[in-house]
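Novice: take a look and give me a structure for this.
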Amino acid sequence: MSGRSGLPPLGFAEVFDLPLCVDLRTAARAFGISLGTAYRLVGLGSFPCFVLRVGGRYRVPTAFMLRALGIEERPVYAVDLEAGAEHVSVPHAPSHHGTEV
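Specialist: Numbers count the residues shown, from 1 in each chain. The predicted structure is shown next:
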C-alpha cells in the first residue's frame, strides 16, 4: 500500500462488519492499495472485483470484494474473527468428544 494514504489495510474482522456496498477508498484498503491506484485500475477496467458507478461515485459490492479476497469459501467461527486471518488458514482438528470406536 502506498504510504501517502495513511490508512492501514482492513483487518480480517473489520471486513465482516462492512455494509453491502463500500466506497472505493474502503475497497482499496481491503486490497492494500492506494486510492490513486484503485482509480487507475477502475479506469483501466482492471480493478480486482466488480465496481458500480452510482452517479459520480464508485461503489463496490462487499460480496464481490470478499470473493476476490478469497474469503467467501472459508469457514468462519467467532474464534477466527478474534484471532485474525492467520488462525483461519490453520485447519481445525476434528473433535471426538469421547466417541472412540
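Novice: given the longest strand seen in the chain, what are its sheet partners and their directions?
Specialist: As assigned by DSSP state E, the longest strand anywhere in the chain is strand 57-61. Next to strand 57-61 in the sheet, as set by DSSP bridges, lie strand 21-23 (antiparallel), strand 52-54 (antiparallel).
Novice: among these, which comes closest to Pro9?
Specialist: The minimum distance between Pro9 and the strands paired with strand 57-61 falls on strand 21-23, with 13.6 Å, by C-beta to C-beta. No exception for glycine: its C-beta is placed from N, CA and C like everyone else's.
Novice: next secondary structure element downstream of that closest one?
Specialist: Later in the chain than strand 21-23, the nearest helix or strand by DSSP states H and E is helix 24-31.
Novice: now that next one: average pLDDT?
Specialist: Here helix 24-31 scores 95 as its mean pLDDT.
Novice: who does it touch, helix- and strand-wise?
Specialist: Helix 24-31 sits against helix 35-44, strand 57-61, helix 62-69, with contacts defined as 3 or more C-beta pairs under 8 Å, 6 or more residues apart in numbering; DSSP states H and E.
Novice: quick one: buried residues of stretch 22-40?
Specialist: Neighbour-count burial for stretch 22-40 flags 22, 24-31, 33-35, 37-38 (criterion: 16 or more other C-beta atoms under 10 Å).
Novice: what is the nearest of those to Pro9?
Specialist: Nearest to Pro9 among these, with distances taken as C-beta to C-beta, is Arg29, at 5.5 Å.
Novice: before we move on, back to that, and the helices and strands packed on helix 24-31 as a markdown table, adding mean pLDDT?
Specialist: Output for the helices and strands packed on helix 24-31, formatted as a markdown table (pLDDT from 0 to 100):
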| stretch | mean pLDDT |
| --- | --- |
| helix 35-44 | 97 |
| strand 57-61 | 96 |
| helix 62-69 | 92 |
